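A.B. asks: Structure, please.
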Amino acid sequence: MDNISKNRYEYCVFLSPQAVNILYDHANRAGRTDQLTSLLNSTRVVAIGPATLARLTDHQVDVKLVPKAHSSVGLVEMFSKMANVSRKKIIIPRSEASDDFIQKALSDIEIDVDEFFLYTVQTSSVTTTWKEFISLLQQKKIDAIVFTSASNVRSFFEIMEKLLPDVPSMLKPVRALIAIGPMTHRELKRMGIRSLESNEHTVKGTFELAKAILTN
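C.D. replies: Next up is the predicted model:
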């Protein structure tokens, strides 16, 4: 909040509902939720997609922009097509686990980007739920798996590799391996997994794609 007050950012960009939740959790503990909403509304707030938009709207934040493609790539494309954004200042409250694609891409079009790391992502320990998942996978009883972020992919493989010798081979019988967006798709490719990317970069979009694949 102090950064927003002092630096006069033109835009505040939210990349996930989690970032909104955590920021407001902090503000609530400090008794400053109304102040936070007021400060955010003094900027042009950008939500990466409908779920993030809904969470911000719940807090009476007036969201000015949502990219047509609900992904990091879509966000960069939106800003690159806007007039008079050179030297504008943007703050992005986000996860420390996210990559630097947005920061680099926006800097390349001469936008001043400040990233404010609110939280990080920790991989779950191996639980009985994961062991049950492995059992279903081995029995070829899983038809679709949806990956919702690049960090989701990394954590998935970190856990799976503790339990299975060859994860890519075990995933081959799964009919629908779906990435929510281009960055998730790229991370799966890096792991040696062929996936499909939903046209609509939302959980709903991935579900509709899975349904179409399984129906056919």
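
A.B. asks: can we go C-alpha only for contacts and neighbour counts from here?
C.D. replies: Will do.

A.B. asks: Point to the helix or strand of this structure where mean pLDDT is at its lowest.
C.D. replies: Least confident element among the helices and strands of the chain, by mean pLDDT, DSSP states H and E: helix 2-7 (a mean of 83).

A.B. asks: continuing past that one, what's the next helix or strand?
C.D. replies: The first helix or strand that comes after helix 2-7 along the chain, using DSSP states H and E, is strand 11-14.

A.B. asks: Which positions within the least confident helix or strand of the chain qualify as buried?
C.D. replies: Neighbour counts using 16 or more other Cα atoms under 10 Å place Ile4 of helix 2-7 among the buried residues.

A.B. asks: same for the helix or strand hosting Gln18, what does it pack against?
C.D. replies: For Gln18, the host element (DSSP H and E) is helix 17-29. Packing partners of helix 17-29 (3 or more Cα pairs under 8 Å, 6 or more residues apart in numbering; DSSP states H and E): helix 33-40, helix 50-58, strand 89-95, strand 112-119.

A.B. asks: can you rerun that using 7 Å?
C.D. replies: Using 3 or more Cα pairs under 7 Å, 6 or more residues apart in numbering; DSSP states H and E, the elements in contact with helix 17-29 are helix 33-40, helix 50-58.

A.B. asks: Tell me the spacing between the residue of the chain most remote from its centre and Ala176.
C.D. replies: Here the chain reaches farthest from its C-alpha mean at Gln139, the gap being 31.1 Å by Cα atoms, centre = their mean. Applying Cα to Cα, to the nearest Å, the value for Gln139 to Ala176 is 16 Å.

A.B. asks: Then Ile102?
C.D. replies: Note on Ile102: its distance to Ala176, by Cα to Cα, is 28 Å.

A.B. asks: Please say which of these two ends up with more neighbours.
C.D. replies: Higher neighbour count among Ile102 and Ala176: Ala176, with 23 against 17, using other Cα atoms under 10 Å.

A.B. asks: The more buried one bridge partners, please.
C.D. replies: For Ala176, the beta-bridge assignment (DSSP bridges) gives partners Ala144.

A.B. asks: And the pLDDT at it?
C.D. replies: Per-residue pLDDT puts Ala176 at 95.

A.B. asks: OK, contacts around it?
C.D. replies: Residues in contact with Ala176 (Cα atoms under 7 Å, 6 or more residues apart in numbering) are Asp143, Ala144, Ile145, Ala210, Ile213.
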